[in-house]
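J.: could you look at this predicted model? Sequence included:
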2 protein chains.
Amino acid sequence: MERMMEKEITIYDLAKILALSPATVSRALNDHPAINVKTKALIAEKAAELGYRSNTFASHLRTRKTNTLGVIVPRLNSNFMSTVLAGMEEVANNFGYNLLISQSLESELKERANAKTMFDSRVDGLLVSVAYDTDSIDHFVTFINRNIPVLFFDRIMDHPRCGAVIIDNEQAGYDATRHLLDQGCRRIIHVTGDLRRNVYADRMNGFKRALAGQNLPQDNRFIISTDLSQEAGRQIAAQIDQMAEKPDGLFIANDLCAAICMQVLKEKGYAIPDDIAIVGFNNDPVSQVVSPQLTTVFYPGYQMGKTAMTTMIGQLNGTKLIDHSEPIILRSELIIRRSSIRFENL
Amino acid sequence: MERMMEKEITIYDLAKILALSPATVSRALNDHPAINVKTKALIAEKAAELGYRSNTFASHLRTRKTNTLGVIVPRLNSNFMSTVLAGMEEVANNFGYNLLISQSLESELKERANAKTMFDSRVDGLLVSVAYDTDSIDHFVTFINRNIPVLFFDRIMDHPRCGAVIIDNEQAGYDATRHLLDQGCRRIIHVTGDLRRNVYADRMNGFKRALAGQNLPQDNRFIISTDLSQEAGRQIAAQIDQMAEKPDGLFIANDLCAAICMQVLKEKGYAIPDDIAIVGFNNDPVSQVVSPQLTTVFYPGYQMGKTAMTTMIGQLNGTKLIDHSEPIILRSELIIRRSSIRFENL
DNA sequence: TATTGTATTGTAACCGATTGCATTAACTTG
DNA sequence: CAAGTTAATGCAATCGGTTACAATACAATA
């Protein structure tokens, strides 16, 4: 019933069958205005009937466009990232673009390797959220020099010819800290990631601004830079337990890390939020299953993916003039839950 | 300093510069044995010097191979899936394959669309974990008919010409249930997913076998099929709270769902594990941050990704003869934590 | 020395779609 | 009716590697 090996139909086959030239067939399939409407219909019909598929390689070879976009993310396994990717996919799909996705696993080395692969695959554009330890931007400049647009999202790098889509991390950091202050916290520790990354640097700046607003002292020992892993969460808790003067508030730039830290603190006998109030970041599902539920910052992942992809494709089509001097900033929002509510004055 | 638009070097350029034929250059770059070692070195050096990159489209057009593999997963945002993908990526990278990744978002419709995209992109092979509601296998048969290998992992479909990589879900389900029984549970509810999916059907069968082993009655009302979402977790908890005769054990085929369910039960005043012992599935990070920590089944995601990819590439290279009559089965393991320990007899 | 073998390189025809530049037919217009 | 338009289609080169089939040179063998 099913043929074992169906032969691939080309425009030459169609041309021969319909007694036309390959050129006409090609133009018809691309809806070229010079081709007669009836001819187009005829060709389209036959193509459908025989299951014709355009050979993208021949096409790409000739046109020098691949209709493929590269996406490099630190990790796929975060709720945030996969939500971003879902948003990107939706838009890319609508515009007929494919996605080549890879993860750097937070290593600049792997990020470079991924970028090279993308480059060799001749992606039409690149969307990147950089790794923890990325210092150099060389591997992206390669693209820019060849006029392949590069767009950063979330974790961005500064380059005059690259766009960026972010949230206002400074404001989010400020809001989170301000909330803790409003709950009466006066000794707040901020646990953050690598400060070379804008997301962490900005949140920290927001943190500092909030403290400054209350004329509170800025103690650098209260800013702890970690890799925000689960293990880091454990260590922070242990470290706090050892401190002579304990903090009364914690602002941790990652939900999972915060959740683990909270758990260990609870085991050690600290009352959350009464002894220590905690705020996380990202609105990861874990924030809802820990007890008490974790106050956090909602991050519009899906929207970010859609926006980034729309911007990229707009730039590729030339339909949208991109102003790279300013990043696109999306709204985030503080979600207040039990882990930080000390006064029931909602 | 940086040129605006570097011209792309081709083998013809290299050939002209070195006074050789393009054929020789091509062979040299592919390490063809007929080419003199010195010539190869010469060409390789010049190629590196000028920054030559092979044009994959020309190559693919000629060889009819794309060196790209498609991966379709239900969702990217689970710890399990992204771990699998990391494993796949590692192997694929080593063998010079690219990955085209997309998510079906648990919908057969989107899965079909994704498959079509992959097909049109002419992937050399396809790795799939099917969506919740996938009934038909047509969209994969398309590949098989064109001799493009299809390999299922985790959520598999049955087809004589497709390989499969799974864990022994039946055994895992048995072990989980047996553990609950050993803890003294006698009225165990099993919350599972769509029973068309092997992973859920098999776990359920393991569940039933364990009950049968203790001569316990098989009550179908104690098997609840849901979408295993967070919302489902809430509903299950509500449902249990309404039951006249409460269960004393819960085996839920997903950690996040189990975590939420446990949380709501706790809120309603049930003691975990004393009133109700709970076992989840997947060893998701959430299983460690809930309290009590959740007993679960460790799923070797990374290994699964590596194994699946290795199998696929082996088949493509013809280096490995694949026996599709039997799936490849990886080891899983029950991880016992507080949510189910009633007797301190470890 | 003539012959055969071996190592190395070259020639040229692909792969399939695209597109600048004709070409042809049909239609206007003066 | 001749000249000029317009519409529709065809020709052939091109994109850059790959590879079957020579061709060449030189050494080994008879």
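T.: Alright, I've got the coordinates. Numbers count the residues shown, from 1 in each chain, chains lettered A, B, ... in the order given.
J.: pLDDT weak spots in chain A?
T.: A:1-6, A:319-322, A:344-346 (pLDDT under 70).
J.: would you list every one of the strands in it?
T.: For chain A, strands defined by DSSP state E occupy the ranges A:68-73, A:98-103, A:125-128, A:150-153, A:163-167, A:188-192, A:223-225, A:249-252, A:277-279, A:296-298, A:328-330, A:333-335.
J.: how much space between residue A:43 and residue A:11?
T.: Going from residue A:43 to residue A:11 by CB to CB, to the nearest Å gives 9 Å. Just so you know, the C-beta spots here come from the backbone N, C-alpha and C atoms, and that holds for glycine as well.
J.: can you list residues touching both of these two?
T.: Counting by CB atoms under 8 Å, 6 or more residues apart in numbering or on different chains, the contacts common to residue A:43 and residue A:11 are A:25, A:29.
J.: how much space separates residue A:35 from residue B:204?
T.: In terms of CB to CB, residue A:35 sits 58 Å off from residue B:204.
J.: what's residue A:214 in contact with, if anything?
T.: Contacts of residue A:214 (CB under 8 Å, 6+ apart): residue A:181.
J.: for it, what are phi and psi?
T.: Torsion angles at residue A:214 (phi, psi; degrees, to the nearest 10) stand at phi -100, psi 10.
J.: what about residue A:35 and residue B:204, which has more around it?
T.: The neighbour count for residue A:35 versus residue B:204, taken as other CB atoms under 10 Å in any protein chain shown, is higher for residue B:204 (22 against 19).
J.: that one contacts residue B:191, doesn't it?
T.: No. If you go by CB atoms under 8 Å, residue B:204 and residue B:191 don't touch, sitting 10.2 Å apart.
J.: mutual contacts of those two, please.
T.: Common neighbours of residue B:204 and residue B:191 (CB under 8 Å, 6+ apart) do not exist.
J.: which bits of the stretch 51-200 of chain A sit near chain B?
T.: A:53-58, A:60-61, A:66, A:75-79, A:81-83, A:85-86, A:89, A:93, A:98-103, A:105, A:113, A:117, A:119-122, A:141, A:145-147 (CB under 8 Å from any CB of the partner chain).
J.: now for the residue of the stretch 101-250 of chain A found nearest DNA strand D: which residues touch it?
T.: Minimum separation of the stretch 101-250 of chain A from DNA strand D (CB to the nearest atom of the strand) falls at residue A:122, amounting to 10.3 Å. Neighbour list for residue A:122: A:60, A:66, A:68, B:55-57 [criterion: CB under 8 Å, 6+ apart].
J.: now for those: which two are most distant?
T.: Between any two of the contacts of residue A:122, the greatest separation by CB to CB is 14.3 Å, found for A:68 and B:55.
J.: who's more crowded, those two?
T.: When neighbours are counted by other CB under 10 Å, residue A:68 and residue B:55 differ, and residue A:68 comes out ahead with 22 against 19.
J.: residues in contact with that one?
T.: Neighbours of residue A:68 in contact, by CB under 8 Å, 6+ apart: A:97-100, A:121-124.
J.: want to throw the residues you listed into TSV with distance to residue B:16?
T.: Converted to TSV, the contacts of residue A:68 look like this (distance: CB to CB, whole Å):
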residue	distance to residue B:16
A:97	36
A:98	34
A:99	37
A:100	32
A:121	26
A:122	23
A:123	29
A:124	29
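J.: show me which of these are buried.
T.: A:97-100, A:121-124 (16 or more other CB atoms under 10 Å in any protein chain shown).
J.: how is chain A divided into domains?
T.: Domain ranges of chain A: A:11-54, A:66-167+A:301-331, A:169-299+A:334-340, per automatic domain parsing.
J.: tell me which of the ones you listed lies nearest to DNA strand C.
T.: domain A:11-54 (3.0 Å).
J.: gap between that closest one and the chain center?
T.: Distance of domain A:11-54 from its chain centroid, counting by CA atoms, centre = their mean, to the nearest Å, is 41 Å.
J.: just the terminal-to-terminal distance for it.
T.: 8 Å (CA to CA, to the nearest Å).
J.: right, is it up against DNA strand C?
T.: Yes. Domain A:11-54 lies within reach of DNA strand C by CB under 7 Å from any atom of the strand, at A:11-12, A:22-23, A:26-27, A:29-30, A:52, A:54.
J.: which of these count as buried?
T.: A:11, A:26-27, A:29, A:52.
J.: near DNA strand D, list only the ones from these.
T.: Among these, DNA strand D is touched by residue A:27 when using CB under 7 Å from any atom of the strand.
J.: just grab the bridge partners of the nearest residue to residue A:168 once chain neighbours are set aside for me.
T.: Closest residue to residue A:168 apart from its sequence neighbours, by CB to CB, 6 or more residues apart in numbering or on different chains: residue A:329 at 5.3 Å. Per DSSP bridges, the residues bridged to residue A:329 are residue A:166.
J.: and what of the one 5 residues further on?
T.: Taking DSSP bridges as the rule, residue A:334 bridges to residue A:297.
J.: burial of it, as a residue count?
T.: Residue A:334: 19 neighbours (other CB under 10 Å).
J.: ok, it to chain B distance?
T.: Using CB to the nearest CB, to the nearest Å, residue A:334 is found at 21 Å from chain B.
J.: thinking that residue is in contact with residue A:177, fair?
T.: No. Applying CB under 8 Å, one finds residue A:334 not in contact with residue A:177, separated by 10.2 Å.
J.: burial of the residue nearest to residue A:47 when sequence neighbours are not counted, as a residue count?
T.: Of all residues not flanking residue A:47 in the chain, residue A:14 sits nearest, at 6.0 Å (CB to CB, 6+ apart). By the measure other CB under 10 Å, the count of residues near residue A:14 is 23.
J.: residue A:14: what's it in contact with?
T.: A:20, A:25, A:43, A:46-47, A:50, A:52.
J.: what's the PyMOL line that selects buried ones from the residues you listed?
T.: Entered in PyMOL, the line below selects the buried ones among the contacts of residue A:14, by 16+ other CB under 10 Å:
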select buried, chain A and resi 20+25+43+46+47+52
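J.: possible to save the contacts of residue A:14 as TSV with distance to residue A:197?
T.: As requested, these are exported to TSV (distance: CB to CB, whole Å):
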residue	distance to residue A:197
A:20	57
A:25	51
A:43	52
A:46	55
A:47	49
A:50	53
A:52	48
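J.: so for stretch A:271-290, what gets flagged as buried?
T.: In stretch A:271-290, counting by 16+ other CB under 10 Å, buried: A:272-273, A:276-290.
J.: and which of the contacts of residue A:14 is nearest to chain B?
T.: residue A:52 (11.0 Å; CB to the nearest CB).
J.: so who does the closest one touch?
T.: A:9-11, A:13-14, A:46.
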